[in-house]
Structures are given as C-alpha cells and as structure tokens.
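In: Return a 3D structure for these sequence lines:
(2 chains)
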Amino acid sequence: MVVYEPLPKLRDGKPLMAYIRQAQYKKLDPTGEKLKMIERSNPERLRAGDVVSVFYKNQKPVIGAILMVKRSGVASAILLRNKVAGLGVEVNVPIFNPNVMRIDILRRPDTYRSRNRHYYIRNSRLDVKEVKL
Amino acid sequence: MIFLKSMLRVVDNSGAELVECIKVLGKKPTNHANIGDKVVVVVQNAKSLNQHLTGASASNRVKRGDICRAVIVRTKSPTLRSDGSVIRFDDNACVLINQKDEPIGTRVNGVVARELRRKNFGKVVSLAPRVV
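Out: As a prediction, the model looks like this:
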C-alpha cells in the first residue's frame, strides 16, 4: 500500500470567500479608505442624514443627503437624495467604483434621525432641502 | 417604466401640461419606455391659448386632445447607468417632439437625464437648464 503525502492546502487554508473578498478590497481599495468610511466601528463613518459630495475622476461631483448606506462588500453603495429646481433626484453611488475619487462630508446633523434607512422622509415635511456646493 | 395609460408631465413650452401615453415606439416585445425612448401621447391638459403670442411659439402650440410624439426625460423608475450608479426622479416627464425628433417647444424647464444625449436628443439636453 502506498501512502501519499497530504496535498498542500489551497490558499494556506484560508476560506475561499474570505480570500476573494480580501483580493477585491486590495484591487479596488488599496488604501483602505473607502472601507473605513462605511465600517460600523468607525465613529466618523458615513451615516444616513449626512450631506456629502462625491467627487469623480471623469464627471462632475454628485451632492446630496444620504438616505441609506448599503453595506455589501465591494458592491457597497450610498443613496443620495437632493432637490434640483424643486424636484427630488436620487442617485445610488457604488463607492468602490474606481472612478470615485473621494467622498467629502459637507454637513452632519446635530441629532441623527431614528432608523438607518430614511426612506420615510421622501415627500414629507422632513424631506431634504436643496443642497449646492 | 412608461406604458399605455401612463400620465406624464410635459416640461417644455409647447402648451401641454399633462399627457397620456398611448403607444411606446420601437420597444417590442417589452412594451415599456425608459429615459430617452419615444412614445405617442395624447394631450390631456393644455394651457389656454394666449392671443398675444406670436412667432414660432404660437404656431407650435398644442391643444387638448392633440396626438403627438414625445421623448421621456425623467422617470420615477430607477435607471441603471454604465458605471453602476442608479438614478431616479420624483416624477415622470417628457418633451414633445415632431416626426423628425426635434422638440416642438423652444424651451425646456427643469432637469433632464444625461442619457438623452447618447440617444441623439442633444437638442433637448442643450435646451435644459440642468442635466443630472
């Protein structure tokens, strides 16, 4: 009977999904800045209610108040709502998009509203006001 | 998602205020229109004709019951962009056009979506005060 040596473990025994996630972050977010922006442990993280401007490499900045932060790895996105000439406009921005250079927080509210997703403020008296640079 | 019976706001100075979609053009078999698509509409509400108007804006006025073509400029339904972002507006709006895809009115009020330029409606985009 022949006894073979055990095969070396793939990826040093690291679980596949953890390995893929790390590779994605390394590719799309080498500095770790974007991941830190949405991490719950960070007190300076982006939160629903903040007024932010997103700066791109190839297009004009997008400004608005955050309605929600969707946390799902490299597909994480923020939903911005703004009023343009009295009309509500919502833009969902995937923050790990390589064309997104940086996200600046223009204003934070004194007290945050309840709930993490502020869908309920649409078309109510709590709705966002027109924000400009 | 504009289809038969959808009501649209008109954001030009053609005189129409509210129109109803009666046909989506060039979208078979999926019969709903998104930003930049052409539809046939019937005018449901129009501003009363002002006698003092002269020139091009007077001859291009539309009345209640008129049937004309329109291009969608804003939708409530989210529109996916090539960079992964999604845009949605708070209302459904259109601009009336003629058979040659030129706008009937001479002015466009309010915001329009950037997608129109790629769909050969650069005239509408250049008339609009804000492009998102």
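In: residues contacting residue 85?
Out: In the absence of a named chain, this looks at chain A. Contact analysis of residue A:85 by C-beta atoms under 8 Å, 6 or more residues apart in numbering or on different chains lists B:110-111, B:129-130. Every residue, glycine included, has its C-beta placed from N, CA and C.
In: The chain in question should be chain B.
Out: A:91-94, A:97.
In: What of residue B:122?
Out: If you count contacts by C-beta under 8 Å, 6+ apart, residue B:122 has them with residue B:116.
In: still on that earlier bit, so which of the contacts of residue B:85 reach chain B?
Out: Contacts with chain B within these, counted by C-beta under 8 Å from any C-beta of the partner chain: A:91-94, A:97.
In: Can I get the residues you listed in CSV including secondary structure and distance to residue A:9?
Out: Below are the ones next to chain B among the contacts of residue B:85 laid out as CSV (DSSP: H, G, I helix; E, B strand; the rest coil; distance: C-beta to C-beta, whole Å):
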residue, secondary structure, distance to residue A:9
A:91, strand, 44
A:92, strand, 40
A:93, strand, 39
A:94, strand, 34
A:97, coil, 34
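In: are any of these buried, and which?
Out: Those of the ones next to chain B among the contacts of residue B:85 that meet the buried threshold are A:91-94, A:97, by 16 or more other C-beta atoms under 10 Å in any protein chain shown.
In: which two from those end up farthest apart in space?
Out: Spatial extent of those (C-beta to C-beta) is set by the pair A:91 and A:97 at 12.1 Å.
In: need the helix or strand of chain B with the lowest average pLDDT.
Out: In chain B, no helix or strand scores lower on mean pLDDT, DSSP states H and E than helix B:56-59, which sits at a mean of 61.
In: Skip ahead from that helix and say which helix or strand is next.
Out: Tracing the chain past helix B:56-59, the next element assigned as helix or strand by DSSP states H and E is strand B:67-74.
In: Just list what that following strand packs against, helices and strands only.
Out: Helices and strands touching strand B:67-74, as assessed by 3 or more C-beta pairs under 8 Å, 6 or more residues apart in numbering or on different chains; DSSP states H and E, comprise strand B:7-10, strand B:38-46, strand B:93-97, strand B:111-112.
In: Within range of chain B, give me the residues from chain A.
Out: Chain A comes close to chain B at residues A:84-85, A:87-94, A:97, A:99, A:122-123, as judged by C-beta under 8 Å from any C-beta.
In: So among those residues, where is pLDDT lowest?
Out: Among the residues of chain A next to chain B, residue A:85 has the lowest pLDDT, at 87.
In: For the closest residue to residue B:65 other than its chain neighbours, name its beta-bridge partners.
Out: Spatial nearest neighbour of residue B:65, chain neighbours left out: residue B:43 (6.4 Å); criterion: C-beta to C-beta, 6 or more residues apart in numbering or on different chains. Here residue B:43 shows beta-bridge partners residue B:19, assigned using DSSP bridges.
In: Let me know how buried residue B:43 is, in neighbour terms.
Out: Around residue B:43 sit 22 other residues, with neighbours defined as other C-beta atoms under 10 Å in any protein chain shown.
In: got a list of what it touches?
Out: Contacts of residue B:43 (C-beta under 8 Å, 6+ apart): B:16, B:18-19, B:62-68.
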